[in-house]
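Peer 1: Below: sequence and its predicted model.
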Amino acid sequence: VLIRIHAVSVNRTDLTYVAGRYGAARPLIIPGEDVAGVVEAVGSEVENVRPGDKVIALLPGGGYAQRVSAHMLSVFPKPTNLSYDEACTIPVVYLTSWISLLRRAELKAGEVALIQAAGSGCGVAGISIAKWAGATVITTAGTDQKVARARELGADHAINYATGDFASEVIRITNGAGVDVCLESVGGDVYNNSVKVLKDGGRLVSVGRSAEQSDASPRGEADPAEVSRRALVVESFALPTAVQTGEARREIAVITELLEQGKLRTVVDQIYPMSRARDAMAYLDGRKNFGKVVLHPWE
Ligand SMILES: NC(=O)c1ccc[n+]([C@@H]2O[C@H](COP(=O)([O-])OP(=O)(O)OC[C@H]3O[C@@H](n4cnc5c(N)ncnc54)[C@H](OP(=O)(O)O)[C@@H]3O)[C@@H](O)[C@H]2O)c1
């Protein structure tokens, strides 16, 4: 499917690729994993979309461009009520947080969810999804402004983890009980302390390690003896695997429907022309974003 791209979102993974930290597997790449645009042409066997359709797509890369060709199974209808800028923020972080919270951790209404890094793409999606699922949401962020924005987004409790010990605050908020589920994307000490604040039998899904990617912080590791003694479930999620198994394709249909119904929300923080892609990536690298950063490839 040939797509004329109207908007592409910046993901933290893009920074890792551009910095050459994903190893030698992809030495030369065009970043950009999620885009929104209009179908310009399709191959002879493509049945799910037609020229003129407004779509979003999940790509293995190549989205920082004016046009991209995508496999038909990676192309989905754009939620009708979302702008291109909003729609391009959906595939990577919504699929990641949705599958992690609801399918891996099986978060249920009435449970307590801890969503780390409220302002991250995964965090914003995670807060919206966990609230929709009927959970009480505790979240963390590195500045008081992000804490305030997390509350506006619907978080029940938001903690500045740069100025205090989030773990003791989580224990205080939950009256000593701890949380049922954690969506963890920071790594290092945040990962270690997230395991500690799980209830016995609690579930943690690690989707990323932003701190470990950017400043070589020590790797967060769950102690196998603690995991076993407290019957914890500690697991990881990788979107490429969910794409390969077809899970991503199944789940995105549900996600886009809920977005159309206004039951889930996305947050676009900044929009940059493609000519300033470097500045857009620096904004993310500087941890300034609350929500997603978007590029316009025709500017
Ligand atoms: N498993 C998957 O398939 C999958 C899919 C998507 C993303 N990811 C991964 O998930 C993580 C989050 O991605 P994203 O795009 O949501 O990130 P993002 O929007 O760039 O947000 C990352 C946030 O992490 C927080 N953080 C805490 N300590 C940090 C540190 N030392 N260095 C940098 N950031 C730090 C910062 O918020 P504060 O300033 O508020 O602390 C930062 O804004 C990344 O590791 C990414 O590679 C994985």
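Peer 2: Looks like it came in fine. Numbers count the residues shown, from 1 in each chain.
Peer 1: Relative to Trp298, how far out is the closest residue in space to Glu247 that isn't next to it in sequence?
Peer 2: Using C-beta to C-beta, 6 or more residues apart in numbering and skipping residues adjacent in sequence, the residue nearest Glu247 is Ile99, 6.5 Å away. The way it works is simple: take the backbone N, C-alpha and C, and place the C-beta from them, glycine included. Separation of Ile99 from Trp298 (C-beta to C-beta, to the nearest Å) stands at 32 Å.
Peer 1: Between the two, which is the more surrounded one?
Peer 2: Taking neighbours as other C-beta atoms under 10 Å, Ile99 and Trp298 compare with Ile99 leading, 24 against 10.
Peer 1: quick one: secondary structure of the more buried one?
Peer 2: The local conformation at Ile99, judged by DSSP: H, G, I helix; E, B strand; the rest coil, is helix.
Peer 1: Tell me which residues touch it, please.
Peer 2: Counting by C-beta atoms under 8 Å, 6 or more residues apart in numbering, Ile99 makes contact with Phe237, Ala242, Glu247, Ala248, Glu251.
Peer 1: Quick check, pLDDT for the first one.
Peer 2: Right, Phe237. Looking at Phe237, its pLDDT is 97.
Peer 1: which ones are touching it?
Peer 2: By C-beta under 8 Å, 6+ apart, the residues touching Phe237 are Thr96, Ile99, Ser100, Arg104, Val205, Ser206, Val207.
Peer 1: give me that answer again for 10 Å
Peer 2: By C-beta atoms under 10 Å, 6 or more residues apart in numbering, the contact set of Phe237 is 95-97, 99-101, 103-105, 122, 183, 185, 205-208.
Peer 1: Distance check, it against the ligand.
Peer 2: Noted for Phe237: a distance of 5 Å to the ligand, by C-beta to the nearest ligand atom, to the nearest Å.
Peer 1: interface residues of the protein facing the ligand?
Peer 2: For the chain, the residues in contact with the ligand (C-beta under 6 Å from any ligand atom) are 11-13, 92-93, 96, 117, 119-122, 141-142, 146, 185-186, 207-211, 213-215, 237-239, 284, 287, 289.
Peer 1: Out of these, name the ones that lie in strands.
Peer 2: Of the residues of the chain next to the ligand, the ones assigned to strands by DSSP state E are Ala141.
Peer 1: filter the residues of the chain next to the ligand to the buried ones?
Peer 2: With neighbours counted by 16 or more other C-beta atoms under 10 Å, the residues of the chain next to the ligand contain buried members at 11-13, 92-93, 96, 117, 119-122, 141-142, 146, 185-186, 207-211, 213-214, 237, 239, 284, 287, 289.
Peer 1: Among the residues you listed, which lie within helices?
Peer 2: 12-13, 92-93, 96, 121-122, 146, 210-211, 213-214, 239, 284 (DSSP state H).
Peer 1: ok, which pair from the residues you listed is furthest apart?
Peer 2: Across these, the longest distance by C-beta to C-beta is 24.1 Å; it joins Lys146 and Leu239.
Peer 1: if I pick Ala162, what's in contact with it?
Peer 2: Thr140, Ala141, Gly142, Thr143, Asp144, Lys146, Val147, Arg287.
Peer 1: Just to check, the last one is in contact with Ser210?
Peer 2: Yes - counting by C-beta atoms under 10 Å, Arg287 sits close enough to Ser210 to count as a contact (8.4 Å).
Peer 1: what residues are shared contacts of these two?
Peer 2: By C-beta under 10 Å, 6+ apart, the residues touching both Arg287 and Ser210 are Arg12, Ala117, Ser120.
Peer 1: Please work out how many residues are found near Val55.
Peer 2: Neighbours around Val55, by other C-beta under 10 Å: 20.
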